[in-house]
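# need a structure here:
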Amino acid sequence: MTDKHQHSGNCCGQSASTPASSPSSAPVPEEKKYTDPVCGMQVAKNTEKTARFQGVAYYFCSQSCVSKFTAAPENYVKAKRVIGMGSVPAASASSSATSAAVADATTATVAATAAPVVREVSRVKPAVGSSCCGGSHVATNSMQHDPQGAHKDPVCGMTVNENSQHQFVHAGQTYYFCCDSCKQKFSKNPQTYLNPEQAPAEKPVAKDAIYMCPMDPEIEQIGPGICPICGMALEPKEAIIEEDNSELLDMSRRLKISIALSLPLLLLTMGDMLPGISFHDLLGMHVFDWLQFALATPVVVWLGRPFFERAIASFKSGNLNMFSLIGVGTAAAYLFSLFALLFPQALPDAFKMNGMAPLYFEAAAVIICLVILGQVLELRARSQTNQAIKSLLALTPATAIRIAADGNETEIPLDKVQVGDLLRVKPGAHIPVDGLLVDGHSHVDESMITGEPIPVGKQAGDKLSAGTINQQGSFSLRAEKIGRDTLIAKIIDMVNQAGRSRAPIQKLADKVAGWFVPAVIAAAILAFILWAVFGPAPALANGLMAAVSVLIIACPCALGLATPISVTVGIGRGAVEGILIKDAEALERLEKIDTLVIDKTGTLTEGKPTLQEFIVADGTNEEELSAIALATEQQSEHPLAQAVVDFIRKKNITAASISDFKAINGKGVQATFNGQQILLGKPALMEENHVSLQEFSPRILELQQRGHTVMVMAVNAKAAALISVADSIKASSLQAVQQLQQQGIRVIVLTGDNAQTAQAVATQLGLNEVHADVLPEDKFRFIQQLQQQGCMVAMAGDGINDAPALAQANVGIAMGTGTDVAMHSAHVVLVKGDLRGIAKARTLSRNVMRNIRQNLFFAFAYNFIGVPVAAGVLFPWFGILLSPMIASAAMSLSSVSVISNALRLRYTRL
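Residues are numbered from 1 along each chain as shown. This next block holds a predicted model:
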């Protein structure tokens, strides 16, 4: 077999060959290049010339390089240090075993993100109207769908009436189904459909799946664990619907127990500050001290164990982080207190206050409790990042109906669909794969692709995309793209890619920990040595006191609170204004935004077509024409007809009695009223029937230029009324755009809608930059291009088609009135869909970041001043030596200062 290279040259002793290009008709980004770790050549990704080591994939120019690497991968790449979490073992360093295991894990993970994952969706959220009933529907299992029915099938969501022959009584209540298949599914486990939260728990992530660190993506291993650099828990690399929330559950349990123990401990030790209360006198010294120990020990030793393990690991690896500070500070406070409790006589008088040894059990326990709380909040936020992927996966049905050569229809799992299969799509169902409509016609909601709210008419020969929704009519389609090749799968990949590329920024506390922790420890050791050598008697005791005081006063409580307390208060302040901010990173980036890319439909506009104008010709009866229009549009299947019906019904007008109704495909409708011929449709329909539009022509042209869809009603070949339908601009959009422009923000309209409509909306809002007719991948790349130009980009949108761009933007802003996928992908959600919230969010960002900087100043100022004083730098001149008790008070004061300053954000004006 010839060993072909993927580059020009013969580094491996083989002849060069040009690689085959990837066959794909869809526009794709320029192919990423990888470095062959053996020979150093730049190569493209090739699954046939790849090998894995410790969870990382490496690509090669030839099989020769693959063989060399596989034999001894540690000769070409440096093995990573990984930390196991709990009972889960870390990845093996053995090259051969690891390569094989990771290869298997990769195969399993890739498979999990394709069809098998989609099968799981049916349990999470059954597709409404999907082919739940399967098979050839004979008389015994015929689907009974009634759009006007009063009951909903609890299994598939179809609407049925009380005459359905498929009924089931549960707990004294009758449930109605569209077919016997749904009835049988329901009867086996009713609670699964009546109470989805009681459904069986989702399968945990495979233990051999590849995990990575969201902050340090280069860290990968097989199975869960802890990042050796930042101390964060690793998470699955591939986008999968199953979620391992074991750590969140564990931390939540730890939080509940730590609160139950820390609150009594805090009240016990702080009780002396309350008038008339003294637990010390009430219980006695011995019981008082040992009760503190009993309450604090489980919190520090048991509940805080994961943090000490991470702290120890950080010192072993040399990557000091926030857990290093937590480990040193709490260990110093607890161990000193334990020594003082067990051996009080061994402590010099300088350690004592009124003859009693000071204990810091409450400080250690409360710090651990606060750290656990921060972990719970962080894990909850991180777990939500996969919700966008899950929502996208849920758009594809779990099954499809395949039409055999003999005409029989059979329900099959989606992963069994092959390219070229003929599939049946029923009303209300999600389209299962990308394909070509073969027989039938319908209107399809493609808003997930284009953002346009008006469903698109489809006929034989038209293309269909997986995940879009069939509105009316049953049709067959020929499968052209399946699995990872479908458009919805590409959108999922883009959202996942954008999410992985946004590594969370390192907190300032972690950035300075690299020098702060060694400096504090060095200061403590230096203080002990200086006191031991040069200090007055008892030299060692005074040295120990100084060292412990340094560690106590440098305890990271205030430093740890500085950022999260401001973020918590700031996010709460934003929520009052209808601004939901998901994380601190979004808050920090908002103040730096200089460019806003904004979607049109549902963001600048209301997102649904409404009747804008109903103009009648001179000498006609408006109420009668309205009654006729209501009667004809009630029978029309066209999506715009509903806008006319809704408008006229609000005027309490009764529909006229018409006959001979007929829909003219793609043009309009016709009917008969009191012997008169009625036409209602596009101007082109009027021209075909020789109806003069002279009276309405100027207005028609004006409305079309503004992006309206114009219809004309004619009675006996004479134009009688003009109707325009459009997606209205939100009342707040103009003011919002003006506010943003005043703040110096560059605003760009980016929409999947047609150029004429987009330009009309932009003109009314005073915007000059407009990009229309763009697909989801175009929006994604447009954001990337702006970022490559050095722009800090915010993206505002509401649709599924906006999800990749929202995830890629520096700050994604979703409308609360939009889709769940958009809200999951975004970093900020405007609950009311009011764009003026963006300007408020930027103001909030500036205030919060200013507050955080003030808090960090307070935290560091106490340390920079307190640490030298605790070390005894003032003793030679003023005889001042800070005791651990005073150090503890100073530490508490720094925390009070930080919290008090953060609480001011509750009253900030937006």
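# which stretches of the stretch 751-900 of the chain have low pLDDT?
Applying pLDDT under 70 to the stretch 751-900 of the chain picks out residues 817-822, 880-896.
# any chance you could map the helices in it?
Using DSSP state H, counting those that start in this stretch, the helices of the stretch 751-900 of the chain run over residues 755-764, 776-788, 803-808, 820-825, 836-871, 875-878, 884-903.
# Name the next helix or strand downstream of the helix or strand bottoming out on mean pLDDT in the chain, please.
Ranked by mean pLDDT, DSSP states H and E, the weakest helix or strand in the chain is helix 115-124, scoring a mean of 29. Sequence order places strand 151-152 as the next helix or strand after helix 115-124, per DSSP states H and E.
# what helices or strands is that next one leaning on?
Applying 3 or more C-beta pairs under 8 Å, 6 or more residues apart in numbering; DSSP states H and E, we find strand 151-152 packed against strand 159-160. No exception for glycine: its C-beta is placed from N, CA and C like everyone else's.
# C-alpha coordinates for stretch 622-638, CSV please?
Extracted in CSV, the C-alpha atoms of stretch 622-638 (Å, rounded to 0.1, in the frame of the first residue of the first chain):
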residue,chain,number,x,y,z
GLU,A,622,-65.5,49.1,4.8
GLU,A,623,-67.5,46.9,7.2
GLU,A,624,-68.8,44.7,4.4
LEU,A,625,-65.4,44.3,2.8
SER,A,626,-63.9,43.4,6.2
ALA,A,627,-66.6,40.7,6.6
ILE,A,628,-65.8,39.3,3.2
ALA,A,629,-62.0,39.4,3.8
LEU,A,630,-62.6,37.6,7.2
ALA,A,631,-64.7,34.9,5.5
THR,A,632,-62.1,34.2,2.7
GLU,A,633,-59.0,34.4,4.9
GLN,A,634,-60.5,32.0,7.5
GLN,A,635,-60.5,29.3,4.8
SER,A,636,-57.0,30.1,3.5
GLU,A,637,-54.0,28.1,4.5
HIS,A,638,-51.6,31.0,3.8
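# Name the surrounding residues that touch that stretch.
When contacts are defined by C-beta atoms under 8 Å, 6 or more residues apart in numbering, stretch 622-638 is touched by residues 443, 472-473, 614, 616, 641-642, 644-645, 648-649, 651, 653-658, 661, 663, 669, 671, 673, 678, 680, 713, 715, 720-721, 723.
# Narrow those residues to just the buried residues.
Using 16 or more other C-beta atoms under 10 Å as the burial test, the contacts of stretch 622-638 include 443, 472, 614, 616, 641-642, 644-645, 648, 653, 655-656, 658, 663, 669, 671, 673, 678, 680, 713, 715, 720-721, 723 as buried.
# doesn't residue 480 fall inside a helix?
No - counting by DSSP: H, G, I helix; E, B strand; the rest coil, residue 480 falls outside a helix, being strand.
# Tell me the pLDDT of it.
On the pLDDT scale, residue 480 is placed at 91.
# Where does residue 567 fall, secondary structure wise?
Secondary structure (DSSP H and E) places residue 567 in helix 557-576.
# picking that back up, with mean neighbour count and distance to residue 433 as new columns, can the helices of the stretch 751-900 of the chain be given to me in JSON lines?
Formatted as JSON lines, the helices of the stretch 751-900 of the chain follow (neighbours: other C-beta atoms under 10 Å; distance: least, C-beta to C-beta, whole Å):
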{"stretch": "helix 755-764", "mean neighbour count": "19", "distance to residue 433": "30"}
{"stretch": "helix 776-788", "mean neighbour count": "19", "distance to residue 433": "17"}
{"stretch": "helix 803-808", "mean neighbour count": "31", "distance to residue 433": "20"}
{"stretch": "helix 820-825", "mean neighbour count": "26", "distance to residue 433": "19"}
{"stretch": "helix 836-871", "mean neighbour count": "21", "distance to residue 433": "38"}
{"stretch": "helix 875-878", "mean neighbour count": "10", "distance to residue 433": "79"}
{"stretch": "helix 884-903", "mean neighbour count": "20", "distance to residue 433": "52"}
